[in-house]
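Asker: Any chance you can model this:
(one chain, ligands or ions: 1)
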Amino acid sequence: MTDIDQLMEVMESAFDPYWRESWSRTQVEGSLALPHTHAIMCDAELAPLTSGSEAAGFVLARRAPGEEELLLVAVRPEQRGKGIGRHLLDLFIESARANGADNVFLEMRENNPAESLYRAAGFAPIGRRVAYYRTASGEPLDAITFGRKL
Ligand SMILES: CC(C)(COP(=O)(O)OP(=O)(O)OC[C@H]1O[C@@H](n2cnc3c(N)ncnc32)[C@H](O)[C@@H]1OP(=O)(O)O)[C@@H](O)C(=O)NCCC(=O)NCCS
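Answerer: Next up is the predicted model:
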């Protein structure tokens, strides 16, 4: 299994299609083909993936000069609540810092329970895009931008 196969397995298990947040394989491959986008994955023991280990979660992130954006974070449903999401956010922040970022950002739909995880990792709301998302049933949802200085 390639890393993209592993990432897509987590993606497909992690996101409820109702919120329309998950990315297709084509979107992931297209994004990772760009030099400034990268994925961080770990197994259920918080170790980096090796051949033969199974991904429990991933982060997809994009670098720009002086900043880094968290595009997606996901953990397999059966592995949640064990600190894997927090570990992946910490790895994202470490990687951003190592690449010279002064600020990190992310955007989430309003009411995503991941908000408590983001706040615990030091992110605070800095903006709102009204009706930026639309659920599978057509309900509009705002996007909230969170930021953290490094
Ligand atoms: C968000 C997500 C990655 C968190 O992964 P996780 O491994 O369960 O996270 P952690 O175990 O590190 O949890 C950290 C904290 O976040 C909170 N939290 C995270 N996800 C939560 C959820 N779905 N419901 C309730 N609380 C949640 C918990 O309060 C937890 O705090 P605690 O340890 O003090 O109880 C996971 O729930 C997920 O994959 N969700 C679906 C995809 C998604 O919505 N991603 C975010 C938008 S891109």
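
Asker: need the contact list for the nearest residue to Ala136 once chain neighbours are set aside.
Answerer: Using C-beta to C-beta, 6 or more residues apart in numbering and skipping the chain neighbours, the partner closest in space to Ala136 is Tyr18 (4.9 Å). The C-beta positions use only the backbone N, C-alpha and C, and glycine is treated the same way. Tyr18 is in contact with Thr135, Ala136, Ser137, counting by C-beta atoms under 8 Å, 6 or more residues apart in numbering.

Asker: what's the neighbour count on the second one?
Answerer: Yep, that's Ala136 we're talking about. 10 (other C-beta atoms under 10 Å).

Asker: How about Glu107?
Answerer: Glu107: 17 neighbours (other C-beta under 10 Å).

Asker: what do you get for Ser116?
Answerer: 9.

Asker: Checking it next. Helix, strand or coil?
Answerer: helix (DSSP: H, G, I helix; E, B strand; the rest coil).

Asker: where's it relative to the ligand, distance?
Answerer: Counting by C-beta to the nearest ligand atom, to the nearest Å, the separation of Ser116 from the ligand is 4 Å.

Asker: what's the answer for Ala44, then?
Answerer: For Ala44, the distance to the ligand - C-beta to the nearest ligand atom - is 10 Å.

Asker: Is that residue in a helix, a strand, or coil?
Answerer: Under three-state DSSP, Ala44 comes out as coil.

Asker: Quick check: the nearest residue to it once chain neighbours are set aside vs Asn103, distance?
Answerer: Using C-beta to C-beta, 6+ apart and skipping residues adjacent in sequence, the residue nearest Ala44 is Ala56, 4.2 Å away. Separation of Ala56 from Asn103 (C-beta to C-beta, to the nearest Å): 28 Å.
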